[in-house]
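**Student:** Next come a sequence and a model predicted from it.
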Amino acid sequence: MDWLEQSTENCSVQRTLDVIGDKWTIQVIREAFHGVRKFDQMRDHIGVSDSVLSSRLRKLVDEGILETAEYRQAGYRRRKEYRLTASGRDLYTVIIALLSWGDTHRPDPAGPAIEIAHADCGAPIDVEIRCSNGHRLSSPREAVTSTGPGAKPVAAHNE
């Protein structure tokens, strides 16, 4: 089946974007990777409204990207903090790829705002694509796309 004959109705990229595909959601996930767990800290750090942040956090919890844990500071009511789940931690590659793309294609004249290195050896972290045999791909031209078992023709989308 040719790509344009294939429905995008069940596309994995689209399903992913349905969950994380807006700027505030990606920023919430970025904050969680940096250990920011409290609502007020996230709101103040990324400059988002309470209602938008509440909506994004609720969706990320519902989708299994974040989980909540209650905490209570002395003299205050109980509150929730937000922690990445295993599913959320699997988005690390996505966040690092976005960071790398931004540093390469939208660099700040002063240099990167953040640098990430391997904790054990201190070397900078790179994003790369490899096949299951370990070969590094440097271009999309080195990959072949084929239809998978879930592929549906465009006509099925309109029925």
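**Tutor:** Looks like it came in fine. Just so it is clear, the structure is predicted and the values come from calculations on it, not from any experiment. Numbering: from 1, shown residues only.
**Student:** center of this structure, which residue is that?
**Tutor:** Leu91 (4.5 Å; C-alpha atoms, centre = their mean).
**Student:** Give me the nearest residue to that residue, chain neighbours excluded.
**Tutor:** Excluding the flanking residues, the one nearest Leu91 by C-beta to C-beta, 6 or more residues apart in numbering is Ile29, at 5.8 Å. In this view, the C-beta of every residue, glycine as well, is placed from N, C-alpha and C.
**Student:** okay, now Ile125: neighbour count?
**Tutor:** 13 (other C-beta atoms under 10 Å).
**Student:** correction: Leu57
**Tutor:** Neighbourhood size, Leu57 [other C-beta under 10 Å]: 22.
**Student:** how about it, secondary structure?
**Tutor:** helix (DSSP: H, G, I helix; E, B strand; the rest coil).
**Student:** Can you tell me how far it is from Thr93?
**Tutor:** Look at Leu57 and Thr93: by C-beta to C-beta, to the nearest Å, they are 22 Å apart.
**Student:** again with Tyr82
**Tutor:** Tyr82 is 20 Å from Thr93, where distance means C-beta to C-beta.
**Student:** neighbour-wise, which of those two wins?
**Tutor:** Neighbours were counted for Tyr82 and for Thr93 using other C-beta under 10 Å; Tyr82 has more, 21 against 11.
**Student:** Grab the nearest non-local neighbour of the more buried one.
**Tutor:** Leaving aside its chain neighbours, Tyr82 sits nearest to Leu66 (4.6 Å; criterion: C-beta to C-beta, 6+ apart).
**Student:** Hmm, that neighbour is touching Arg89, no?
**Tutor:** No - using C-beta atoms under 8 Å, Leu66 makes no contact with Arg89, being 10.5 Å away.
**Student:** contacting residues for Arg43?
**Tutor:** Under the criterion of C-beta atoms under 8 Å, 6 or more residues apart in numbering, the contact list for Arg43 reads 49-50, 53.
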